[in-house]
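In: sequence? don't have it. structure:
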Ligand SMILES: [Zn+2]
């Protein structure tokens, strides 16, 4: 099942999503629909608020590098970053909710993440490279943060007209 994407300008993208407490069949169905939606949109990650779900739920491809075409999807419920590496790297990011816009974002290279699976079982993993970047981008979504927030004032000023267009195009 494909879910309707939410776009820049939609207030849900600026809210903090709520903790998930019910690990029920509905959660499983939502996670599956999010994976379908991510594939359909050719994305590498998707967070609940991007499809109108105010839940701390994300799906992501476990990519080793930007060209990894065989990465398996993972579902993370209530994800939390426990540790960030002091080493950072820069990569040009985009977002399914902000079509047509890309920008360089500096992020820690490695992170340790705690999350629950759809059954509620806790896990703790250390991830690096692209996968770490995708997870950080998606966890930001759960806190109402977007990658454009990391851009310089100058870059954001230049993007303003484009962002305004996106907000107008998808406003209902
Ligand atoms: Zn995004």
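Out: Perfect, I can see it now. Because the structure is predicted, anything quoted here is derived from the model rather than measured.
In: Go ahead and flag the most central residue of the chain.
Out: Note on the chain: the residue nearest the mean C-alpha position is residue 138, at 2.2 Å, using CA atoms, centre = their mean.
In: Make sure I have this right: residue 98 is in a strand.
Out: No. Per DSSP: H, G, I helix; E, B strand; the rest coil, residue 98 lies outside any strand segment and is coil.
In: tell me the phi and psi of it?
Out: Main-chain torsions, residue 98, degrees, to the nearest 10: phi -130, psi 70.
In: Please report the distance of it from residue 150.
Out: With the distance defined as CB to CB, to the nearest Å, residue 98 ends up 13 Å from residue 150. Yep, even glycine has a C-beta here, placed from its N, CA and C like the rest.
In: repeat for residue 127
Out: With the distance defined as CB to CB, residue 127 ends up 19 Å from residue 150.
In: Mind checking which of those two has more residues around it?
Out: Comparing residue 127 with residue 150 by other CB atoms under 10 Å, the one with more neighbours is residue 127, at 20 against 17.
In: Just the buried positions in the helix or strand containing the more buried one, please.
Out: Under the criterion of DSSP states H and E, residue 127 resides in strand 122-128. Buried positions in strand 122-128, judged by neighbour count with 16 or more other CB atoms under 10 Å: residue 127.
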